[in-house]
Structure formats: structure tokens, C-alpha cells
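S.K.: Predicted model follows, preceded by the sequence.
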Amino acid sequence: MHTKPFFSVIIPAYNCEEYISSSIKSILKQTENDFEILVVDDGSTDKTAEIVNDFVSPSVVLIRTPNSGVSHARNIGIQHASGRFILFLDADDHYSDINSLKCLKESLIADASFPEVLIFGFSVRGIESGRKNDDQVLYQLSKLQNNSVLKKEIIKHMLSPRDGIMGYIWRACYSAYFLHNNSIEFEESLKISEDFKFLLESIFIADTIKIDPNTYYLYVLNEGSMSLQYVPTLTSDEMFVNQWIHRVVISKYPDLNVYLNLSIANTYLRTVQNELRTSTNLGQQLHIINQLKAQNGFQLSLDSIAITKKNFDLKSRVGLVLLKYRCESLYALLFKLKRRVRKKG
């Protein structure tokens, strides 16, 4: 009789022949071997599928689907997963060391009831290796014993631009029964923030949540990382998620609306940065930025928040002050100067 694995590790893959093998090997070398690896090939046109097929391990399963985006690929993975708990691994990332899954399993079974969502720590490597993680926040929250208090604190910190919990879906382990029973899936219309919404929705619905502040995941940033690219749907996608938060989450926790406004202000900052990455001239960029500001009511959020050290880091505070007082042109010049210096360096 076939025994279901403890973990299902889902890897969405699209044209990642350069690093998919390394990611799979980071799982296969784990000291904990009670897992299946579901690689969902999202219509790759390179040798990704061939490389996956070369693995002789019965734990490695290739699922091929027409190109429909990472959210669709992850949803397909969830549908095919037979494990008790679901993990997500991006195709260019790794687990931190050979004991990551072993430690995660021990953390899960330490609670007799098994948490529906377990959030854990991660480290960062690559071109933005100076980017901070949230291990200090996790450590503080891991001390909370009351689950309802923990839930609200996690949501608050996910909405907070500073000292927040970063909403990456691969930094949590999910009960497969919990996801299926609550019909939690990725919003396939989104190109960005789909992982944030998935994690936040899981936390919002879950009755049992646990935080393990230890680092089990290695987030690898490369030149193709989304945070460095122009994303045409960034503003609409992030505002879709913000509106969902207001409609669903804030209706239960109205006192967290102040943190949602911080998040919306941060969305505008990201909107400006995103539009300044286009190839159009500065005048056109500023015209589009001002249109988006008016269409999404960003000025209201900027006027309602406190741009303080408590809420934002120094770089964000400088940017938001300029944007609050309608100095988008000055911010744009500083942003482009910084990019020019970075390229020369």
C-alpha cells in the first residue's frame, strides 16, 4: 500500500534550465526523505523538462502544462499534491542546509494538533544580498502563545513596510487539508503580489499558526528577479490585493486600517519606482505616475499616514516625503541618478 509523503514540495518552472537541477538536488540531499517533489513545467521552451526527467528518483514528478503563469502552475501543484504538508520552492532557490526539512518536520510534530500554517525564516543571497530578512520580528512573535493574538500580530506585521513579515509563500508550510478544505488557491489574474495574498489569506483563515524563527530557506536574487524589472501590472495587482485586504481583513480588524494605509503608501512608492524603469522619457513617465496617483487615490493615503522612523526606513521616508508634497520630479531625478551610479559601480 502506497503511503502518502509527509511533504509535497511544489516547484513552478519556466525556462529555468540553468538552475532547476540545483534546486531539486537541494531537496534530494535532505536528511529527511519523506517527501515528493512536484515540478510543474509551465510551458518551458528550453531544456527544463528534459533536465527534470533525467532525475531517476521516484520522488521527482514532472507535471507539464501549457504556459499560463506561475500562479496557475502552483495551483496545479496543489491539486496534484499527495503530501500531508505543502511547501513551495522557487526554481532558482534552495533549502539552507541538508537538515531543513528534518527540522521543519520536527517543528510541525512538536505540536500535537499540528499547525495549519507554519512560518519560518529565510536568508538572502545574490545581487541584493544586503536586503534584510525578518528574523528578528519572527523571533519576537514566536514567543506569543495566544493564537488569536499571534494571528493579528502577523497580519499587522505583514502590512507594515518596516519591521514587517515578508509575504513570500515559500517561507511557510501549509497543511494540505487546510488549503483544500478552505479552497485557498493563487489568484491567477495577478502577476505580482499573488504570493502575498496567498500567505495573508492562509493566515487570516487558519485557526492554528506557528512561527519557527530558524532559517530553512535560501532566497537567491539574480538579474531576472521581479523586484528589479518593470512590471506592467504592478499597480493594478497591488491595489487589487489592497482592496481585498480592506474588504475582507479590515472588516474583521478595523484597527489595522492604519497599517493598510501604510501599505498603500508603499504601493505608490513602488509604483513610482516601477514607472521610472520604463524606456519612455521622463516627461511621459511623470505623466503616467500622476495619472496613477489620481486614479488610485494615493494622495489620500499619503496624507493620512505618519512618515516616521517607526513606520519606514530612511530611504522610504525620504521618498514618501517628496511624494506626499508632490515632488515626483525631484524624486525621479534622484532615483535615476542612483541607478546611474549603481550601473557605473
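M.R.: Received it, and whenever you're ready, just let me know what you need. Predicted, not measured: the structure shown is a model, and the values here were computed from it.
S.K.: which residues of this structure score low on pLDDT?
M.R.: In the predicted model of the chain, residues 1-2, 127-131, 223-228, 345 satisfy pLDDT under 70.
S.K.: Any chance you could list what contacts the longest helix seen in it?
M.R.: Looking only at the chain and at elements set by DSSP state H, the helix with the highest residue count is helix 257-275. With contact meaning CB atoms under 8 Å, 6 or more residues apart in numbering, helix 257-275 is reached by 156, 159-161, 230-231, 234-235, 238-239, 242, 245-246, 249-250, 285, 288-289, 292-293, 296, 298, 301-302, 304-305, 311-312, 316, 319-320, 323, 328, 331-332, 335. For every residue, glycine as well, the C-beta is placed using N, CA and C.
S.K.: repeat for stretch 290-298
M.R.: Residues outside stretch 290-298 that contact it (CB under 8 Å, 6+ apart): 235, 239, 264-265, 267-268, 271, 275, 299, 323, 328.
S.K.: where along the stretch 151-300 of the chain do the helices fall?
M.R.: In order along the chain, the stretch 151-300 of the chain carries the following helices (DSSP state H, counting those that start in this stretch): 176-181, 194-205, 234-244, 257-275, 282-295, 298-304.
S.K.: could you redo those helices as TSV and give each row distance to Ile20?
M.R.: As requested, the helices of the stretch 151-300 of the chain are arranged in TSV below (distance: least, CB to CB, whole Å):
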stretch	distance to Ile20
helix 176-181	23
helix 194-205	19
helix 234-244	26
helix 257-275	28
helix 282-295	36
helix 298-304	39
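S.K.: want to try JSON lines for the ones you listed, with distance to Ser113 and mean neighbour count as columns?
M.R.: Converted to JSON lines, the helices of the stretch 151-300 of the chain look like this (distance: least, CB to CB, whole Å; neighbours: other CB atoms under 10 Å):
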{"stretch": "helix 176-181", "distance to Ser113": "12", "mean neighbour count": "16"}
{"stretch": "helix 194-205", "distance to Ser113": "16", "mean neighbour count": "22"}
{"stretch": "helix 234-244", "distance to Ser113": "29", "mean neighbour count": "20"}
{"stretch": "helix 257-275", "distance to Ser113": "29", "mean neighbour count": "21"}
{"stretch": "helix 282-295", "distance to Ser113": "46", "mean neighbour count": "15"}
{"stretch": "helix 298-304", "distance to Ser113": "39", "mean neighbour count": "16"}
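S.K.: Can you pick out the most distant pair from the contacts of stretch 290-298?
M.R.: Met239 and Glu328 (18.2 Å; CB to CB).
S.K.: And the strands in this structure?
M.R.: Taking DSSP state E as the criterion, the chain contains strands spanning 7-13, 35-42, 60-65, 85-88, 94-95, 117-126, 172-175, 209-221.
S.K.: nearest to Val149, of these?
M.R.: Closest of those to Val149 is strand 209-221, at 10.5 Å (criterion: CB to CB).
S.K.: Okay, buried residues for the closest one please.
M.R.: 209-221 (16 or more other CB atoms under 10 Å).
S.K.: so the longest helix of the chain versus helix 234-244, what angle?
M.R.: Between helix 257-275 and helix 234-244, the angle comes out at 170 degrees (axes from the mean of the first three to the mean of the last three CA atoms, to 10 degrees).
S.K.: hey, C-alpha coordinates of helix 257-275 in PDB?
M.R.: What follows is the C-alpha trace of helix 257-275 in PDB, where atoms were taken according to Å, rounded to 0.1, in the frame of the first residue of the first chain:
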ATOM      1  CA  ASN A 257      -6.600  50.100   8.700                       C
ATOM      2  CA  VAL A 258      -3.800  52.400   9.700                       C
ATOM      3  CA  TYR A 259      -1.400  49.700   8.600                       C
ATOM      4  CA  LEU A 260      -3.200  49.100   5.400                       C
ATOM      5  CA  ASN A 261      -2.700  52.900   4.600                       C
ATOM      6  CA  LEU A 262       1.000  52.400   5.200                       C
ATOM      7  CA  SER A 263       0.900  49.500   2.700                       C
ATOM      8  CA  ILE A 264      -1.000  51.600   0.200                       C
ATOM      9  CA  ALA A 265       1.500  54.400   0.500                       C
ATOM     10  CA  ASN A 266       4.300  51.900   0.000                       C
ATOM     11  CA  THR A 267       2.400  50.700  -3.100                       C
ATOM     12  CA  TYR A 268       2.600  54.200  -4.500                       C
ATOM     13  CA  LEU A 269       6.300  54.400  -3.800                       C
ATOM     14  CA  ARG A 270       6.800  51.100  -5.700                       C
ATOM     15  CA  THR A 271       4.500  52.400  -8.500                       C
ATOM     16  CA  VAL A 272       6.800  55.400  -9.000                       C
ATOM     17  CA  GLN A 273       9.900  53.300  -9.000                       C
ATOM     18  CA  ASN A 274       8.300  50.800 -11.400                       C
ATOM     19  CA  GLU A 275       7.300  53.500 -13.900                       C
END
